[in-house]
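Engineer: would you be able to build a 3D model of this:
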Amino acid sequence: MKKIISFALIILTINIKAQDQRCFNKGTSAINLGVGDETGIDYNRIIGNNIENYFGGRFYYSSNTNKKPVYCGSYEYGISKPGSGVFGVGVSVNYLSYTNNINYPFFLGYGSNYTYKSMYSTVVVGLRATYHPDFCNGKKYDIYGAILLNMYGEISSLTSNNPDYQGYHNRNLQQILPGLIIGARYFFVPNVGVFTEVGFDYTIIKGGLTLKFGGK
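Structural biologist: Purely as a prediction, here's the structure:
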(Lines give C-alpha, C1' and ligand atoms only; values in the text may rest on other atoms or scores of the structure.)
Protein backbone atom coordinates (compact mmCIF):
# COMPACT_ATOMS: atom_id res chain seq x y z
CA MET A 1 0.00 0.00 0.00
CA LYS A 2 2.82 2.37 0.89
CA LYS A 3 4.48 1.61 -2.44
CA ILE A 4 1.28 2.41 -4.30
CA ILE A 5 0.88 5.71 -2.43
CA SER A 6 4.54 6.58 -3.01
CA PHE A 7 4.22 5.77 -6.70
CA ALA A 8 1.09 7.94 -6.97
CA LEU A 9 2.87 10.86 -5.27
CA ILE A 10 5.80 10.53 -7.66
CA ILE A 11 3.49 10.59 -10.68
CA LEU A 12 1.65 13.61 -9.26
CA THR A 13 4.95 15.42 -8.65
CA ILE A 14 6.14 14.69 -12.18
CA ASN A 15 2.85 15.92 -13.59
CA ILE A 16 3.01 19.16 -11.56
CA LYS A 17 6.58 19.78 -12.71
CA ALA A 18 5.55 19.08 -16.29
CA GLN A 19 2.76 21.63 -16.00
CA ASP A 20 5.25 24.14 -14.66
CA GLN A 21 7.21 23.67 -17.89
CA ARG A 22 4.23 24.45 -20.13
CA CYS A 23 3.45 27.85 -21.61
CA PHE A 24 -0.31 27.45 -21.45
CA ASN A 25 -2.19 25.77 -18.58
CA LYS A 26 -5.59 25.86 -16.95
CA GLY A 27 -6.10 29.39 -15.65
CA THR A 28 -3.59 30.94 -18.07
CA SER A 29 -4.61 34.12 -19.86
CA ALA A 30 -2.98 35.00 -23.19
CA ILE A 31 -3.31 38.14 -25.28
CA ASN A 32 -2.21 38.39 -28.91
CA LEU A 33 -1.78 41.80 -30.56
CA GLY A 34 -0.58 42.14 -34.14
CA VAL A 35 -1.27 42.76 -37.81
CA GLY A 36 -2.32 40.48 -40.65
CA ASP A 37 -2.94 40.13 -44.37
CA GLU A 38 -6.62 40.06 -45.32
CA THR A 39 -7.98 37.21 -47.39
CA GLY A 40 -8.90 39.35 -50.38
CA ILE A 41 -11.76 41.83 -50.22
CA ASP A 42 -13.64 42.23 -53.48
CA TYR A 43 -13.18 45.95 -54.03
CA ASN A 44 -15.55 45.87 -57.00
CA ARG A 45 -18.52 45.50 -54.67
CA ILE A 46 -17.54 48.65 -52.77
CA ILE A 47 -18.96 52.08 -53.45
CA GLY A 48 -16.33 53.07 -55.98
CA ASN A 49 -17.58 50.49 -58.45
CA ASN A 50 -21.00 52.15 -58.52
CA ILE A 51 -19.33 55.37 -59.60
CA GLU A 52 -17.37 53.48 -62.26
CA ASN A 53 -20.52 51.99 -63.75
CA TYR A 54 -22.27 55.35 -63.71
CA PHE A 55 -19.57 57.34 -65.48
CA GLY A 56 -18.59 54.67 -67.98
CA GLY A 57 -15.43 52.89 -66.83
CA ARG A 58 -11.91 53.35 -65.55
CA PHE A 59 -10.84 55.26 -68.66
CA TYR A 60 -12.62 58.34 -67.37
CA TYR A 61 -11.06 58.76 -63.95
CA SER A 62 -7.94 58.26 -61.84
CA SER A 63 -8.07 56.33 -58.58
CA ASN A 64 -5.81 56.22 -55.53
CA THR A 65 -6.41 53.63 -52.81
CA ASN A 66 -4.90 54.01 -49.35
CA LYS A 67 -5.05 50.52 -47.90
CA LYS A 68 -3.95 49.57 -44.38
CA PRO A 69 -3.08 46.21 -42.83
CA VAL A 70 -5.57 44.28 -40.75
CA TYR A 71 -5.16 45.05 -37.05
CA CYS A 72 -5.70 41.91 -34.97
CA GLY A 73 -6.22 41.11 -31.31
CA SER A 74 -7.39 38.13 -29.29
CA TYR A 75 -7.82 37.03 -25.69
CA GLU A 76 -7.75 33.42 -24.50
CA TYR A 77 -8.27 31.73 -21.12
CA GLY A 78 -7.41 28.14 -20.22
CA ILE A 79 -10.51 26.47 -18.79
CA SER A 80 -9.71 22.74 -18.49
CA LYS A 81 -7.09 20.05 -18.90
CA PRO A 82 -8.69 16.83 -20.20
CA GLY A 83 -5.66 14.57 -19.80
CA SER A 84 -3.40 15.21 -22.78
CA GLY A 85 -3.91 18.88 -23.49
CA VAL A 86 -5.47 22.17 -22.44
CA PHE A 87 -8.70 23.70 -23.73
CA GLY A 88 -9.13 27.46 -23.90
CA VAL A 89 -11.90 29.89 -24.82
CA GLY A 90 -11.76 33.52 -25.84
CA VAL A 91 -12.60 36.26 -28.30
CA SER A 92 -10.88 37.86 -31.26
CA VAL A 93 -11.18 41.18 -33.09
CA ASN A 94 -9.96 42.15 -36.57
CA TYR A 95 -10.18 45.61 -38.10
CA LEU A 96 -9.43 46.81 -41.64
CA SER A 97 -10.00 50.22 -43.20
CA TYR A 98 -9.08 51.95 -46.41
CA THR A 99 -9.95 55.04 -48.42
CA ASN A 100 -10.25 55.42 -52.17
CA ASN A 101 -9.96 58.83 -53.86
CA ILE A 102 -11.46 59.05 -57.34
CA ASN A 103 -10.86 62.13 -59.52
CA TYR A 104 -12.90 63.03 -62.62
CA PRO A 105 -11.14 65.40 -65.05
CA PHE A 106 -12.52 68.67 -66.38
CA PHE A 107 -12.80 67.45 -69.98
CA LEU A 108 -15.82 65.28 -69.11
CA GLY A 109 -17.85 68.47 -69.10
CA TYR A 110 -19.07 68.42 -65.51
CA GLY A 111 -17.83 71.98 -64.96
CA SER A 112 -15.19 71.09 -62.36
CA ASN A 113 -12.65 68.48 -61.30
CA TYR A 114 -14.87 66.54 -58.94
CA THR A 115 -13.33 64.25 -56.32
CA TYR A 116 -15.13 61.31 -54.76
CA LYS A 117 -13.79 59.79 -51.57
CA SER A 118 -14.99 56.38 -50.46
CA MET A 119 -14.18 55.07 -46.99
CA TYR A 120 -14.57 51.43 -46.11
CA SER A 121 -14.09 49.57 -42.82
CA THR A 122 -14.62 45.99 -41.75
CA VAL A 123 -14.88 44.90 -38.11
CA VAL A 124 -14.78 41.16 -37.43
CA VAL A 125 -15.61 39.94 -33.91
CA GLY A 126 -15.24 36.25 -33.21
CA LEU A 127 -15.67 33.64 -30.52
CA ARG A 128 -12.82 31.12 -30.42
CA ALA A 129 -12.08 27.79 -28.80
CA THR A 130 -8.52 26.47 -28.72
CA TYR A 131 -6.76 23.22 -27.97
CA HIS A 132 -3.12 23.02 -26.81
CA PRO A 133 -1.71 19.44 -27.01
CA ASP A 134 0.80 18.59 -24.30
CA PHE A 135 3.46 17.53 -26.81
CA CYS A 136 3.26 21.00 -28.44
CA ASN A 137 3.17 22.92 -25.16
CA GLY A 138 6.70 23.52 -23.85
CA LYS A 139 8.39 25.96 -21.54
CA LYS A 140 9.05 28.56 -24.25
CA TYR A 141 6.79 27.48 -27.10
CA ASP A 142 3.11 26.71 -27.59
CA ILE A 143 1.47 25.31 -30.74
CA TYR A 144 -2.32 25.20 -30.83
CA GLY A 145 -5.37 24.86 -33.03
CA ALA A 146 -8.49 27.00 -32.89
CA ILE A 147 -11.99 27.09 -34.29
CA LEU A 148 -13.84 30.39 -34.59
CA LEU A 149 -17.26 31.84 -35.25
CA ASN A 150 -16.81 35.27 -36.83
CA MET A 151 -19.36 38.05 -37.26
CA TYR A 152 -18.51 40.48 -40.09
CA GLY A 153 -19.68 44.09 -39.88
CA GLU A 154 -19.13 46.70 -42.59
CA ILE A 155 -19.12 50.48 -42.49
CA SER A 156 -18.92 52.43 -45.75
CA SER A 157 -19.41 55.99 -46.91
CA LEU A 158 -18.99 58.13 -50.01
CA THR A 159 -18.46 61.90 -50.03
CA SER A 160 -17.75 64.35 -52.84
CA ASN A 161 -17.16 68.01 -53.62
CA ASN A 162 -19.81 67.70 -56.32
CA PRO A 163 -22.70 69.90 -55.11
CA ASP A 164 -25.19 67.69 -56.97
CA TYR A 165 -24.10 64.55 -55.14
CA GLN A 166 -25.32 63.98 -51.60
CA GLY A 167 -23.22 60.90 -50.77
CA TYR A 168 -24.26 58.17 -48.38
CA HIS A 169 -23.30 56.20 -45.28
CA ASN A 170 -24.02 52.57 -44.61
CA ARG A 171 -23.58 50.17 -41.67
CA ASN A 172 -24.63 46.55 -41.64
CA LEU A 173 -23.85 43.06 -40.44
CA GLN A 174 -22.64 41.27 -43.55
CA GLN A 175 -22.31 37.63 -42.56
CA ILE A 176 -21.40 35.08 -39.89
CA LEU A 177 -18.76 32.54 -40.88
CA PRO A 178 -16.71 29.80 -39.16
CA GLY A 179 -12.92 29.84 -39.09
CA LEU A 180 -10.10 27.37 -38.52
CA ILE A 181 -6.51 28.31 -37.68
CA ILE A 182 -3.22 26.91 -36.41
CA GLY A 183 -1.13 29.15 -34.17
CA ALA A 184 2.25 29.18 -32.49
CA ARG A 185 3.78 31.27 -29.72
CA TYR A 186 7.39 31.62 -28.63
CA PHE A 187 8.32 33.34 -25.36
CA PHE A 188 11.65 35.12 -25.03
CA VAL A 189 10.90 35.72 -21.34
CA PRO A 190 8.26 33.92 -19.22
CA ASN A 191 5.39 36.33 -19.97
CA VAL A 192 6.33 38.09 -23.22
CA GLY A 193 6.82 36.61 -26.67
CA VAL A 194 5.70 36.58 -30.29
CA PHE A 195 2.95 34.71 -32.13
CA THR A 196 1.81 33.78 -35.60
CA GLU A 197 -1.48 32.29 -36.84
CA VAL A 198 -2.37 30.90 -40.27
CA GLY A 199 -5.53 29.40 -41.71
CA PHE A 200 -9.09 30.17 -42.73
CA ASP A 201 -10.01 33.36 -40.90
CA TYR A 202 -10.47 37.01 -41.88
CA THR A 203 -6.69 37.01 -42.32
CA ILE A 204 -4.65 34.36 -44.10
CA ILE A 205 -1.70 35.02 -41.81
CA LYS A 206 -1.12 37.29 -38.83
CA GLY A 207 1.62 37.86 -36.31
CA GLY A 208 2.78 40.11 -33.52
CA LEU A 209 3.29 40.36 -29.77
CA THR A 210 1.87 37.93 -27.21
CA LEU A 211 1.47 38.40 -23.45
CA LYS A 212 0.44 35.84 -20.85
CA PHE A 213 -0.23 35.72 -17.13
CA GLY A 214 -1.75 33.43 -14.52
CA GLY A 215 -2.05 29.67 -14.80
CA LYS A 216 -2.23 26.61 -12.60
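Engineer: quick one: low-confidence parts of this structure?
Structural biologist: Within the chain, the segments meeting pLDDT under 70 span 1-21, 39-67, 104-113, 215-216.
Engineer: hang on, isn't Lys81 packed against Thr28?
Structural biologist: No: Lys81 is not in contact with Thr28 according to Cβ atoms under 8 Å; the separation is 10.6 Å. Every residue, glycine included, has its C-beta placed from N, CA and C.
Engineer: with neighbour numbers in mind, choose between those two.
Structural biologist: Taking other Cβ atoms under 10 Å, Lys81 and Thr28 do not tie; Thr28 has more neighbours (21 against 18).
Engineer: for the more buried one, give its distance to Thr115.
Structural biologist: Distance of Thr28 to Thr115, given as Cβ to Cβ, to the nearest Å: 51 Å.
Engineer: try Asn170
Structural biologist: For Asn170 relative to Thr115 (Cβ to Cβ), the value is 20 Å.
Engineer: those two: which is more packed in?
Structural biologist: Ranked by neighbour count (other Cβ under 10 Å), Asn170 and Thr115 place Thr115 first, with 14 against 11.
Engineer: which residues touch that one?
Structural biologist: Going by Cβ atoms under 8 Å, 6 or more residues apart in numbering, Thr115 touches 101-104, 160-161.
Engineer: and the strands in this structure?
Structural biologist: 28-38, 62-67, 70-80, 85-103, 115-133, 141-160, 168-189, 192-200, 203-214 (DSSP state E).
Engineer: which elements pack onto the fourth one?
Structural biologist: Right, strand 85-103. strand 28-38, helix 47-55, strand 62-67, strand 70-80, strand 115-133, strand 141-160 (3 or more Cβ pairs under 8 Å, 6 or more residues apart in numbering; DSSP states H and E).
Engineer: try it again with 6 Å
Structural biologist: strand 62-67, strand 70-80, strand 115-133 (3 or more Cβ pairs under 6 Å, 6 or more residues apart in numbering; DSSP states H and E).
Engineer: since that was my last question, I'll sign off now.
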